[in-house]
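Peer 1: coords please:
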Amino acid sequence: MRREIYKVYAEIVDANGTQNPLTGYPKKFDSRNYNNDCDKTEVRAKGEMGAAWSAMSKVDDRQLQITWVVRMKTGEIVAGPVVIGTIPDDPGTITPT
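Peer 2: Numbering: from 1, shown residues only. This is a model prediction of the structure:
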């Protein structure tokens, strides 16, 4: 039976250029938790990415740059990366753990 695991990464780059994971991230979505429906699992992971985007876009007083991406367990990117805002000379990247 096919199984897929997706991870949603979200991070904030602060005023010092330090990358910080958003609280509660990364989040893992395993198709075993969705009746082995890999398509549904991918949709849920992408939905979480949208929720992270929504939440982070509503904060004006602390973020300089926000980034998120959805990866399969193989490391393949299935959504993103998406970056909002810029940090001069240091755009930052997400490094999956």
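
Peer 1: right, and the secondary structure at Val59 would be what?
Peer 2: Secondary structure state of Val59, per DSSP: H, G, I helix; E, B strand; the rest coil, is coil.

Peer 1: distance of it from Asn16?
Peer 2: For Val59, the distance to Asn16 equals 18 Å [C-beta to C-beta, to the nearest Å]. Using the backbone N, CA and C atoms, a C-beta is placed for each residue, glycine as well.

Peer 1: Over to Glu76?
Peer 2: Taking C-beta to C-beta, one finds Glu76 at 32 Å from Asn16.

Peer 1: Quick check: which ranges of the protein have low pLDDT?
Peer 2: The model of the chain has pLDDT under 70 over residues 15, 61-68, 80-97.

Peer 1: hey, where'd the strands end up in it?
Peer 2: Ranges of strands in the chain, per DSSP state E, are 5-13, 19-21, 27-30, 65-72, 77-84.

Peer 1: could you dump those to a markdown table with distance to Gly47?
Peer 2: A markdown table is the format used below for the strands of the chain (distance: least, C-beta to C-beta, whole Å):
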| stretch | distance to Gly47 |
| --- | --- |
| strand 5-13 | 9 |
| strand 19-21 | 19 |
| strand 27-30 | 9 |
| strand 65-72 | 10 |
| strand 77-84 | 10 |
